[in-house]
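Q: 3D, please:
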Amino acid sequence: MSLGSPRPSAATVQAWKDRKFGMFIHFGLFSEAGGMWNGKRVDAGYSEQIVANGHIPMRDYAALAGKFDPVKFDPDAIVALARTAGMKFIVLTAKHHDGFNMFHTAQTPYNIVDATPYKHDVVKELADACARAGMPFGVYYSTIDWHHPGGNHYIEGNSNPITPAQADFNVAQIKELLGHYGPIAEIWFDMGKPTPAQSARFAQTVHALQPQTMVSGRVWNYQGDFTVMGDNSEPDVAVEEPWQSPASMFPQTWGYRSWQKRDDLQGKIRENIARLVRVVSAGGNYILNIGPRGDGSIVPYEAEVLRGVGEWLRVNGEAIYDTGAQPFGALDFGYATLGRDTLYLFIDKLPADGELHLPGVVDTRLESGHLLGAPAGDAAPASIDAGGATIDVHAFALSAHGGNFMPVIAVPIEGELHVRPHAVAASADGRVHLDAAQAQHFLNDNGFGYEDPSTLYKLRWYAALGRGNYTLTIHYVGNGKPERMDLLVDGQRQTASLAADTGKHLVWQATVHRDHAKQPYAMEVELTPVEPFHKGDRLPVTVNAVDIAPSAGH
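A: Below you'll find the predicted structure:
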């Protein structure tokens, strides 16, 4: 999919994808409040949004700046903690919805240098510490601003429109952040409901100053360089774009909450290891948040969680970094990632037979695997039959393996790994029926605002058909106007001109050819917008099914 304007290079995107695990930091004036107001807990919503959730007059909230003095903020220690945790990038809140700026902006005195006794530019301090350590640094920037004149109103879901004056203010601050703080690896825009023109303007302002900065999808209107999942969410469909899953230690808040119950440390460490594995095995990046106290110190519990994840990564990190998504569907034992010449298998639930089954592996040479972190000697023999590959892990007695959570078996590959996709079988007369519910769905995310639902742009099926020509029939519902849609069969593209009848069940037919050279294991059928299509384009009609039958003279 094309984004239609200059964007980070393929090398930049790949480097971003290879980082896999990063640190989010929600730190601001809200940290001083810590989820409390006038001695009472404010438990409605996230604590970083306490001014809205607690119905606090902005003047009273802004007065917190007079005592906000984070003298225990230690940027070098934060970077060191991130490295200990195995994190490869850091993103800090430069400005959240409350409009308080953690950097020295010329646009308003409502910032940490001009309005607090601290007098230091926190963004600059952390950017410099990251530069010293070679750690990629990014900033979070809220496009809504409850302190800005005309923008200081709360809307359910934070879907505030952006006024023209506020958009100008945002652009001026974006120029400051991209112009004065060194290389910015990513800018994490968030919330609001900007117009398409405003979203494009924000993204273009970033790229005009730093072309290689990755822009988050929450700039909205499909203008991001990477897709952002919902808070503490993971995708349940395929994602072709670079993507990131943002997570907080506890789902109730991102900013510091003084009264948050923090228990079961080992459980929390395991929870985040498992989330990291799930995200990376699906092809994404995982960014885990910490919320420093108002004095700038890190909550010890959160530091211990990060150290625990880092301890696991010191043994198993090669299965996380610089890897690709698993080439399988769901695995009964856990998850997988694919390195350059190694398949990594994460064991979440050891099968009763002590064997890891990899469906569809074919025409591949696998060497015996080994357990990451275990002494050399024991091996996990690999075998392949008609059903796929089997990795025998009996030698490791993993059910009693001293607390090794989510152990990883590394299986070297000789040459390329080939996986036969799950394909719909033909009936006795050689026909295949592909229902839309059976298809792999590909969705556009980060559209017109946080509450805008995802939209479908691609359907993909595999059909177990042999060589020859076939008649392919698309069953769809007309939407009231003529439409066009591309059909790809084994990579061969043709355009379907669709009728306009509203609400009627219609068909379109074409002759297609099975190309074993491009897809040796099953016929691949895809429906997409007409090429060239852009991010945000969607399938123009509702597809019910595709039928494929042998052509005459097949």
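
Q: okay, CA-based contacts and neighbour counts for the rest of this
A: Fine.

Q: end-to-end on stretch 441-452?
A: Counting by Cα to Cα, to the nearest Å, you get 18 Å between the two ends of stretch 441-452.

Q: Tell me the gap between that stretch and the middle of its chain.
A: Here the centre of stretch 441-452 is set off from its chain's centre by 13 Å, with Cα atoms, centre = their mean, to the nearest Å.

Q: May I have the phi/psi pair for residue 189?
A: Dihedral pair for residue 189: phi -60, psi 150, per degrees, to the nearest 10.

Q: What count of nearby residues applies to it?
A: 25 (other Cα atoms under 10 Å).

Q: what's the answer for the one 10 residues further on, then?
A: Residue 199 has 24 neighbouring residues, counting by other Cα under 10 Å.

Q: Enumerate every residue touching the nearest residue to it once chain neighbours are set aside.
A: Computed as Cα to Cα, 6 or more residues apart in numbering, the closest residue to residue 199 that is not its neighbour in sequence is residue 219, at 5.6 Å. Residues in contact with residue 219 (Cα atoms under 8 Å, 6 or more residues apart in numbering) are 143, 188-191, 194, 199, 202-203, 446.

Q: Show the contacting residues for residue 112.
A: 65, 100-104, 118-122.

Q: Any chance of these in TSV with distance to residue 57, secondary structure and pLDDT as columns?
A: Formatted as TSV, these follow (distance: Cα to Cα, whole Å; DSSP: H, G, I helix; E, B strand; the rest coil; pLDDT from 0 to 100):
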residue	distance to residue 57	secondary structure	pLDDT
65	14	helix	98
100	14	coil	98
101	18	strand	98
102	21	coil	98
103	23	coil	98
104	24	coil	98
118	24	coil	98
119	25	coil	98
120	26	coil	98
121	26	coil	98
122	26	helix	98
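
Q: Closest one to residue 396 out of the residues you listed, please.
A: Within the contacts of residue 112, proximity to residue 396 (Cα to Cα) peaks at residue 122, which comes in at 48.3 Å.

Q: Name all residues that make contact with the closest one.
A: 102-103, 112.

Q: which of the contacts of residue 219 has the weakest pLDDT?
A: Note: of the contacts of residue 219, the lowest pLDDT belongs to residue 191, at 90.

Q: burial count for that one?
A: 23.

Q: With residue 370 instead?
A: 23.

Q: mind checking how far the helix or strand harbouring it is from the chain centre?
A: For residue 370, the host element (DSSP states H and E) is strand 370-371. Between the centre of strand 370-371 and the centre of its chain there are 29 Å (Cα atoms, centre = their mean).

Q: ok, now stretch 131-148?
A: For stretch 131-148 - counting by Cα atoms, centre = their mean - the centre lies 18 Å from the chain centre.

Q: Mind listing what's buried along that stretch?
A: Within stretch 131-148, the residues scored as buried using 16 or more other Cα atoms under 10 Å are 131, 135-148.

Q: mind listing which of these are in helices?
A: The helices, defined by DSSP state H, take in residue 131 from the buried residues of stretch 131-148.

Q: count of residues packed around the residue lying closest to residue 380 once chain neighbours are set aside?
A: Nearest-residue entry for residue 380: residue 369, 4.6 Å, with adjacent residues in sequence omitted and distances by Cα to Cα, 6+ apart. When counting by other Cα under 10 Å, one arrives at 24 neighbours for residue 369.

Q: quick one, what contacts residue 369?
A: Residue 369 touches 379-382, 391, 409-412, counting by Cα under 8 Å, 6+ apart.

Q: tell me the secondary structure for the most centrally placed residue in the chain?
A: What sits nearest the mean C-alpha location of the chain, by Cα atoms, centre = their mean, is residue 244, with 2.0 Å. Secondary structure for residue 244, judged by DSSP: H, G, I helix; E, B strand; the rest coil, is strand.

Q: what's the nearest residue to it if we skip its chain neighbours?
A: Residue 244 sits nearest to residue 285 (Cα to Cα, 6+ apart), 4.6 Å away.

Q: Point out where the chain drops to low pLDDT.
A: 1-5, 152, 399-403, 553-554 (pLDDT under 70).

Q: ok, 80 please
A: 1-6, 150-158, 397, 399-403, 502-504, 552-554 (pLDDT under 80).

Q: hey, where'd the helices end up in the protein?
A: 10-19, 29-33, 50-53, 58-62, 75-84, 122-133, 164-180, 196-209, 265-281, 300-316.
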